[in-house]
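Chemist: compute the structure for the input listed below.
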Amino acid sequence: MHSVVLKEERCIGCTSCLKVCPTEAIRVRNGKAKIIPERCIDCGECIRICPNHAKSVTTDDISIIKNFKYNIVIPSLTLYGQFPANIGIGKMLNAVKRIGFDEVAEAAMGARISVHLLRDYLLKKSDLKYPIINSSCPAVIRLIQVRFPDLLPNIIDLETPIEITARVAKSEAMKRTGLPYDDIGVVFITPCTARVTSVKNPLGIEKSYIDGVVSIREIYGDVVRNIDSVSNGNIGKSTKESLLWSIAGGQAEAVGIENCLEVDGISNVIKVLEEVELGKLDDIKFIECSACYGGCVGGPLLIQNPFIAKNRIMNYVKVAEKSIMSKEDLDRFINMYEEGFLRLTEKIEPKSVMSLDTDLIKSIHKMEMVTEILKNLPGLDCGVCGSPTCRAFAEDIVKGENSEALCIVKSMEYFKNKIT
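Modeler: Prediction:
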């Protein structure tokens with residue numbers, strides 16, 4: 001399942017998307033873009049860049065709540081940056097709840113648990129592989145799976161704050177209401193495409209506790225209509241640490257990690273992970289990677305400019321209290337982690353979609369063929385051929401995925417020489 005989909009009728013084959021795709025998952029054939037599902041990591045970069053809105057996201061409709069007797073909503077922490085800071089977190093959460101939910105579970109709960117588990121327990125373990133890579137960005141995890149499989153052991157095996165919130169909230173609701181698991185629905189209000197895929201097709205866990213994912217864009221109008229008629233209420237318990245989680249660099253700052261590296265933007269993440277793969281960053285303890293520029297506040301499904309959103313969230317950070325957790329609560333969450341309730345329990349296997357062939361001998365032979373073809377290509381990586389780079393063009397030919405291979409640049413040079 002992929003959340004990013006192509007609306008072919010809107011595509012004009014402009015090649016903008018294939019140039020920004022971090023896994024070379026897009027080709028242009030017969031004047032239309034084509035997404036290679038095996039390579040796609042649902043980062044949403046193609047949605048951002050497409051001038052004709054030919055790429056979109058498939059999310060659940062808000063009507064999914066009709067399938068359950070009791071509904072819990074988890075709004076992304078990025079919601080707080082979509083409205084002026086004088087409105088208040090409580091009003092935003094109550095406005096979301098009024099859409100039709102029985103309960104609001106703050107994502108701050110999962111972020112707070114993550115902070116204390118990392119700071120007070122996980123980062124003190126002796127069997128860690130450095131540099132540790134954060135596990136909270138699903139697009140980065142899939143990027144590593146596809147392009148940097150040797151770095152999979154470096155990923156910390158802690159579930160995302162969103163999934164942690166869902167698991168704790170749903171379990172508590174089952175005890176409180178007496179309803180069975182299947183009668184309680186959990187809906188996440190997402191800022192990005194990768195979160196949708198992480199719920200529908202999860203990595204590291206067998207099944208998500210989240211039952212539906214709705215875009216912030218979809219519910220934004222309802223929140224605006226509700227916000228003037230609700231009060232702050234007794235919700236809005238975000239701490240400094242949890243609020244920082246949605247901003248690039250905020251995770252490392254919240255946990256208080258020294259000798260760490262923060263990198264945001266998928267192209268920058270790739271450059272850093274290449275350095276890690278070459279063993280050049282072994283002196284770094286923790287790397288916080290965010291596929292979106294600015295962190296989650298830069299998600300492709302948000303309304304507000306990420307710089308404005310960050311400013312608004314930082315205003316809340318200034319007045320929020322620091323997170324304090326009792327030893328009793330910490331021990332409880334440590335036990336939940338050790339029992340597999342708050343951690344990644346399934347092995348994330350590499351995806352060899354970037355290889356030329358599964359057979360080593362054939363792969364070597366095809367690599368030689370690619371090298372020979374590249375000698376006759378201009379090396380401009382212009383994308384006019386419908387492949388993102390000259391190397392990708394050569395690989396498509398060798399793999400038999402481009403039966404009408406033609407380099408426009410070389411053809412023009414040929415005809416120019418003929419004329420002169």
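Chemist: how many neighbours does the closest residue in space to Lys69 that isn't next to it in sequence have?
Modeler: In this structure, Lys69 finds its nearest non-sequential neighbour in Asp183, 4.4 Å apart by Cβ to Cβ, 6 or more residues apart in numbering. The way it works is simple: take the backbone N, C-alpha and C, and place the C-beta from them, glycine included. Applying other Cβ atoms under 10 Å, we find 14 residues neighbouring Asp183.
Chemist: and what of Thr78?
Modeler: Residues contacting Thr78 under the criterion other Cβ under 10 Å number 31.
Chemist: measure the closest residue to it other than its chain neighbours to Gly44 for me?
Modeler: Nearest non-adjacent residue to Thr78, counting by Cβ to Cβ, 6+ apart: Pro191, 4.4 Å away. Computed with Cβ to Cβ, to the nearest Å, the distance linking Pro191 and Gly44 is 10 Å.
Chemist: spit out the residues that contact these two alike.
Modeler: Residues touching both Pro191 and Gly44 by Cβ atoms under 8 Å, 6 or more residues apart in numbering: Gly299, Pro300, Leu301.
Chemist: in this structure the residue nearest to Thr78 contacts Gly295, no?
Modeler: No - using Cβ atoms under 8 Å, Pro191 makes no contact with Gly295, being 9.9 Å away.
Chemist: more crowded one of Pro191 and Gly44?
Modeler: Between Pro191 and Gly44, counted using other Cβ under 10 Å, the more crowded position is Pro191 (31 against 25).
Chemist: who's in contact with the nearest residue to Ser229 once chain neighbours are set aside?
Modeler: Of all residues not flanking Ser229 in the chain, Arg98 sits nearest, at 7.8 Å (Cβ to Cβ, 6+ apart). Applying Cβ under 8 Å, 6+ apart to Arg98 gives the contacts Asn226, Ser229, Val230.
Chemist: how close does the nearest residue to Cys390 once chain neighbours are set aside get to Asp396?
Modeler: What sits nearest to Cys390 in space, not counting adjacent residues and going by Cβ to Cβ, 6+ apart, is Leu377, at 4.3 Å. In this view, Leu377 and Asp396 are 12 Å apart by Cβ to Cβ.
Chemist: same thing with Arg10?
Modeler: From Arg10 to Asp396 the distance is 24 Å (Cβ to Cβ).
Chemist: and if you look at Glu106?
Modeler: For Glu106, the distance to Asp396 - Cβ to Cβ - is 47 Å.
Chemist: quick one on the thing from earlier: looking at Leu377 and Asp396, which is more packed in?
Modeler: Taking neighbours as other Cβ under 10 Å, Leu377 and Asp396 compare with Asp396 leading, 21 against 17.
Chemist: quick one: contacts for the residue lying closest to Ile408 once chain neighbours are set aside?
Modeler: Leaving aside its sequence neighbours, Ile408 sits nearest to Val384 (Cβ to Cβ, 6+ apart; 4.8 Å). By Cβ under 8 Å, 6+ apart, Val384 lies in contact with Thr15, Ile408, Val409.
Chemist: quick one, phi/psi of Val384?
Modeler: Main-chain dihedrals, Val384, degrees, to the nearest 10: phi -60, psi -30.
Chemist: cool, and Ile184?
Modeler: phi -110, psi 120.
Chemist: swap in the one 5 residues further on?
Modeler: Here the main-chain torsion angles of Ile189 (degrees, to the nearest 10) amount to phi -90, psi 110.
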